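Student: Sequence first, then the predicted structure:
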Amino acid sequence: DSGVTQTPKHLITATGQRVTLRCSPRSGDLSVYWYQQSLDQGLQFLIQYYNGEERAKGNILERFSAQQFPDLHSELNLSSLELGDSALYFCASSLMGQGYNEQFFGPGTRLTVL
Amino acid sequence: GENVEQHPSTLSVQEGDSAVIKCTYSDSASNYFPWYKQELGKRPQLIIDIRSNVGEKKDQRIAVTLNKTAKHFSLHITETQPEDSAVYFCAEPGRGFQKLVFGTGTRLLVSP
(Lines give C-alpha, C1' and ligand atoms only; values in the text may rest on other atoms or scores of the structure.)
Protein backbone atom coordinates (compact mmCIF):
# COMPACT_ATOMS: atom_id res chain seq x y z
CA ASP A 1 0.00 0.00 0.00
CA SER A 2 1.54 3.28 -1.17
CA GLY A 3 -0.65 5.50 1.00
CA VAL A 4 -2.23 7.09 -2.07
CA THR A 5 -5.94 6.40 -2.40
CA GLN A 6 -8.14 6.70 -5.46
CA THR A 7 -11.88 6.41 -5.85
CA PRO A 8 -13.75 4.87 -7.44
CA LYS A 9 -11.87 1.72 -8.42
CA HIS A 10 -14.07 1.10 -11.42
CA LEU A 11 -16.31 3.39 -13.39
CA ILE A 12 -18.56 2.46 -16.28
CA THR A 13 -20.34 5.19 -18.16
CA ALA A 14 -21.65 6.16 -21.57
CA THR A 15 -20.27 8.37 -24.29
CA GLY A 16 -20.99 12.05 -23.79
CA GLN A 17 -21.10 11.76 -20.02
CA ARG A 18 -18.95 13.46 -17.41
CA VAL A 19 -17.13 11.77 -14.53
CA THR A 20 -14.94 12.83 -11.63
CA LEU A 21 -12.02 10.81 -10.34
CA ARG A 22 -10.71 11.47 -6.86
CA CYS A 23 -7.24 11.12 -5.39
CA SER A 24 -5.90 11.56 -1.87
CA PRO A 25 -2.09 11.83 -1.67
CA ARG A 26 0.14 10.30 0.95
CA SER A 27 0.16 12.18 4.21
CA GLY A 28 2.62 15.05 3.91
CA ASP A 29 2.95 14.95 0.12
CA LEU A 30 2.25 18.28 -1.53
CA SER A 31 2.34 17.29 -5.17
CA VAL A 32 -0.19 15.25 -7.13
CA TYR A 33 0.23 13.90 -10.65
CA TRP A 34 -2.36 12.36 -12.98
CA TYR A 35 -1.51 9.74 -15.60
CA GLN A 36 -3.53 7.91 -18.24
CA GLN A 37 -2.68 4.34 -19.18
CA SER A 38 -4.58 2.86 -22.11
CA LEU A 39 -4.53 -0.86 -22.90
CA ASP A 40 -0.96 -2.02 -23.45
CA GLN A 41 0.21 1.57 -23.41
CA GLY A 42 2.67 3.45 -21.30
CA LEU A 43 2.03 6.07 -18.68
CA GLN A 44 0.92 9.30 -20.30
CA PHE A 45 1.39 12.30 -18.04
CA LEU A 46 -1.68 14.51 -17.89
CA ILE A 47 -1.18 17.20 -15.27
CA GLN A 48 0.58 18.04 -12.00
CA TYR A 49 -0.47 20.12 -9.03
CA TYR A 50 1.71 21.34 -6.21
CA ASN A 51 0.18 22.71 -3.04
CA GLY A 52 -2.99 23.71 -4.84
CA GLU A 53 -1.44 25.22 -7.95
CA GLU A 54 -1.06 23.74 -11.41
CA ARG A 55 2.65 23.10 -11.95
CA ALA A 56 2.98 21.20 -15.22
CA LYS A 57 0.74 20.09 -18.04
CA GLY A 58 1.15 17.17 -20.39
CA ASN A 59 -1.01 15.87 -23.20
CA ILE A 60 -4.25 16.64 -21.44
CA LEU A 61 -7.32 17.11 -23.60
CA GLU A 62 -9.38 20.28 -23.28
CA ARG A 63 -12.30 18.07 -22.23
CA PHE A 64 -10.28 17.10 -19.14
CA SER A 65 -9.60 19.33 -16.18
CA ALA A 66 -8.24 18.91 -12.69
CA GLN A 67 -7.82 20.74 -9.44
CA GLN A 68 -6.16 20.30 -6.07
CA PHE A 69 -8.07 21.39 -3.01
CA PRO A 70 -6.79 23.02 0.22
CA ASP A 71 -6.70 19.62 1.93
CA LEU A 72 -4.43 18.51 -0.97
CA HIS A 73 -6.77 15.93 -2.43
CA SER A 74 -7.22 16.21 -6.17
CA GLU A 75 -9.98 15.57 -8.66
CA LEU A 76 -9.74 14.84 -12.36
CA ASN A 77 -12.83 15.76 -14.34
CA LEU A 78 -13.44 14.10 -17.68
CA SER A 79 -16.30 15.43 -19.80
CA SER A 80 -17.91 14.67 -23.17
CA LEU A 81 -16.49 11.19 -22.82
CA GLU A 82 -15.50 9.22 -25.90
CA LEU A 83 -14.82 5.52 -26.35
CA GLY A 84 -11.11 6.28 -26.59
CA ASP A 85 -11.10 7.71 -23.09
CA SER A 86 -11.45 4.20 -21.68
CA ALA A 87 -8.26 3.65 -19.72
CA LEU A 88 -6.69 3.22 -16.32
CA TYR A 89 -6.17 6.56 -14.64
CA PHE A 90 -3.45 6.74 -12.02
CA CYS A 91 -2.80 9.40 -9.47
CA ALA A 92 0.64 9.70 -7.91
CA SER A 93 1.99 11.90 -5.17
CA SER A 94 5.38 13.10 -4.08
CA LEU A 95 6.71 15.15 -1.21
CA MET A 96 7.73 18.09 -3.34
CA GLY A 97 7.02 19.04 -6.92
CA GLN A 98 10.36 18.27 -8.48
CA GLY A 99 10.83 15.50 -11.01
CA TYR A 100 13.58 13.94 -8.94
CA ASN A 101 11.30 13.04 -6.07
CA GLU A 102 9.95 9.50 -5.89
CA GLN A 103 6.36 9.30 -7.00
CA PHE A 104 3.99 6.98 -5.16
CA PHE A 105 1.15 5.67 -7.26
CA GLY A 106 -2.39 4.97 -6.21
CA PRO A 107 -4.26 1.80 -7.24
CA GLY A 108 -5.85 3.53 -10.21
CA THR A 109 -9.39 4.05 -11.47
CA ARG A 110 -10.45 1.90 -14.41
CA LEU A 111 -12.77 3.91 -16.64
CA THR A 112 -14.87 2.14 -19.24
CA VAL A 113 -16.82 4.25 -21.70
CA LEU A 114 -19.54 2.34 -23.55
CA GLY B 1 11.86 17.60 -26.77
CA GLU B 2 10.98 15.23 -23.94
CA ASN B 3 11.61 11.72 -25.07
CA VAL B 4 12.72 8.51 -23.41
CA GLU B 5 13.32 5.56 -25.71
CA GLN B 6 13.08 2.16 -24.07
CA HIS B 7 14.16 -1.20 -25.52
CA PRO B 8 13.21 -3.94 -25.88
CA SER B 9 9.43 -3.74 -25.78
CA THR B 10 9.22 -7.40 -24.78
CA LEU B 11 11.80 -9.70 -23.24
CA SER B 12 11.45 -13.41 -22.55
CA VAL B 13 14.04 -15.22 -20.44
CA GLN B 14 14.39 -18.48 -18.61
CA GLU B 15 14.40 -18.51 -14.84
CA GLY B 16 17.91 -17.86 -13.60
CA ASP B 17 18.98 -15.88 -16.65
CA SER B 18 19.83 -12.19 -16.59
CA ALA B 19 17.67 -9.49 -18.14
CA VAL B 20 18.78 -6.07 -19.36
CA ILE B 21 16.51 -3.18 -20.33
CA LYS B 22 17.94 -0.01 -21.81
CA CYS B 23 16.65 3.55 -21.98
CA THR B 24 17.99 6.55 -23.84
CA TYR B 25 17.12 10.09 -22.85
CA SER B 26 17.42 13.35 -24.72
CA ASP B 27 17.98 16.09 -22.11
CA SER B 28 21.61 16.17 -21.02
CA ALA B 29 20.59 18.16 -17.93
CA SER B 30 18.50 15.27 -16.57
CA ASN B 31 19.77 14.18 -13.18
CA TYR B 32 17.44 11.50 -11.88
CA PHE B 33 16.55 8.15 -13.43
CA PRO B 34 14.04 5.87 -11.73
CA TRP B 35 12.77 2.46 -12.73
CA TYR B 36 9.22 1.37 -11.97
CA LYS B 37 7.76 -2.14 -12.01
CA GLN B 38 4.10 -2.69 -12.81
CA GLU B 39 2.58 -6.10 -12.26
CA LEU B 40 -0.56 -7.00 -14.14
CA GLY B 41 -3.48 -4.91 -12.91
CA LYS B 42 -1.39 -3.24 -10.23
CA ARG B 43 0.08 0.17 -9.65
CA PRO B 44 3.62 1.09 -10.81
CA GLN B 45 6.13 0.84 -7.98
CA LEU B 46 9.62 2.26 -7.76
CA ILE B 47 12.22 -0.51 -7.64
CA ILE B 48 15.45 1.41 -7.99
CA ASP B 49 16.67 4.85 -9.00
CA ILE B 50 19.97 6.53 -9.75
CA ARG B 51 21.12 10.12 -9.66
CA SER B 52 23.56 11.61 -12.10
CA ASN B 53 26.45 11.82 -9.65
CA VAL B 54 26.96 8.04 -9.67
CA GLY B 55 27.45 5.54 -12.47
CA GLU B 56 25.97 2.44 -10.90
CA LYS B 57 23.65 1.45 -8.09
CA LYS B 58 22.82 -2.04 -6.91
CA ASP B 59 20.11 -3.50 -4.71
CA GLN B 60 20.30 -7.28 -4.35
CA ARG B 61 19.45 -8.77 -7.75
CA ILE B 62 18.75 -5.50 -9.50
CA ALA B 63 21.17 -2.81 -10.61
CA VAL B 64 21.02 0.33 -12.68
CA THR B 65 23.90 1.78 -14.68
CA LEU B 66 24.14 5.27 -16.09
CA ASN B 67 26.22 6.50 -19.01
CA LYS B 68 25.86 10.27 -19.07
CA THR B 69 28.06 10.69 -22.14
CA ALA B 70 25.88 8.42 -24.23
CA LYS B 71 22.73 9.55 -22.40
CA HIS B 72 21.49 6.10 -21.60
CA PHE B 73 20.76 4.08 -18.50
CA SER B 74 20.02 0.40 -18.06
CA LEU B 75 18.26 -1.91 -15.65
CA HIS B 76 19.95 -5.22 -14.93
CA ILE B 77 18.15 -8.09 -13.24
CA THR B 78 20.23 -11.14 -12.36
CA GLU B 79 19.03 -14.63 -11.42
CA THR B 80 15.56 -13.83 -12.69
CA GLN B 81 12.56 -15.45 -11.04
CA PRO B 82 8.98 -15.90 -12.30
CA GLU B 83 7.82 -13.17 -9.90
CA ASP B 84 10.01 -10.72 -11.82
CA SER B 85 7.51 -11.02 -14.69
CA ALA B 86 5.97 -7.56 -15.10
CA VAL B 87 6.17 -4.41 -17.19
CA TYR B 88 9.16 -2.22 -16.36
CA PHE B 89 9.20 1.51 -17.04
CA CYS B 90 12.18 3.84 -17.02
CA ALA B 91 11.70 7.57 -16.51
CA GLU B 92 13.50 10.88 -16.39
CA PRO B 93 12.48 14.34 -15.19
CA GLY B 94 10.73 16.32 -17.87
CA ARG B 95 11.67 19.80 -18.97
CA GLY B 96 11.88 22.02 -15.92
CA PHE B 97 12.18 18.91 -13.71
CA GLN B 98 8.57 19.24 -12.58
CA LYS B 99 7.42 15.79 -13.62
CA LEU B 100 8.55 12.37 -14.83
CA VAL B 101 8.59 11.37 -18.47
CA PHE B 102 8.17 7.60 -18.77
CA GLY B 103 9.51 5.23 -21.37
CA THR B 104 7.14 3.02 -23.33
CA GLY B 105 7.68 0.03 -21.07
CA THR B 106 9.25 -3.43 -21.38
CA ARG B 107 7.17 -6.52 -20.78
CA LEU B 108 9.44 -9.07 -19.08
CA LEU B 109 8.36 -12.70 -19.00
CA VAL B 110 10.38 -15.13 -16.90
CA SER B 111 9.59 -18.75 -17.66
CA PRO B 112 10.17 -21.45 -15.04
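Tutor: Nice, thanks for sending it over.

Student: So what sits opposite the residue nearest to B:T80 when sequence neighbours are not counted in the bridge?
Tutor: Closest residue to B:T80 apart from its sequence neighbours, by CB to CB, 6 or more residues apart in numbering or on different chains: B:V110 at 4.6 Å. For the C-beta atoms, the positions are set from N, CA and C on the backbone; glycine is no exception. Applying DSSP bridges to B:V110 gives these bridge partners: B:V13.

Student: what's the neighbour count on B:V110?
Tutor: Using other CB atoms under 10 Å in any protein chain shown, B:V110 has 20 neighbouring residues.

Student: That one contacts B:V13, doesn't it?
Tutor: Yes. Under the criterion of CB atoms under 8 Å, B:V110 makes contact with B:V13 at 5.7 Å.

Student: what's the overlap in contacts for the two?
Tutor: Taking CB atoms under 8 Å, 6 or more residues apart in numbering or on different chains as the contact rule, B:V110 and B:V13 both touch B:A19, B:T80.

Student: okay, A:S2: pLDDT?
Tutor: A:S2 carries a pLDDT value of 83.

Student: wait, is it part of a strand?
Tutor: No. A:S2 is assigned coil when assessed by DSSP: H, G, I helix; E, B strand; the rest coil, not a strand.

Student: Secondary structure element holding the nearest residue to B:H72 once chain neighbours are set aside?
Tutor: For B:H72, ignoring the flanking residues on the chain, the nearest one in space by CB to CB, 6+ apart is B:T24 at 4.4 Å. Using DSSP states H and E, B:T24 sits in strand B:19-25.

Student: Which secondary structure state is assigned to B:E83?
Tutor: B:E83 ends up helix, using three-state DSSP.

Student: Who's the closest spatial neighbour of it, skipping the chain neighbours?
Tutor: The nearest residue in space to B:E83 (CB to CB, 6+ apart) is B:V110, at 7.9 Å.
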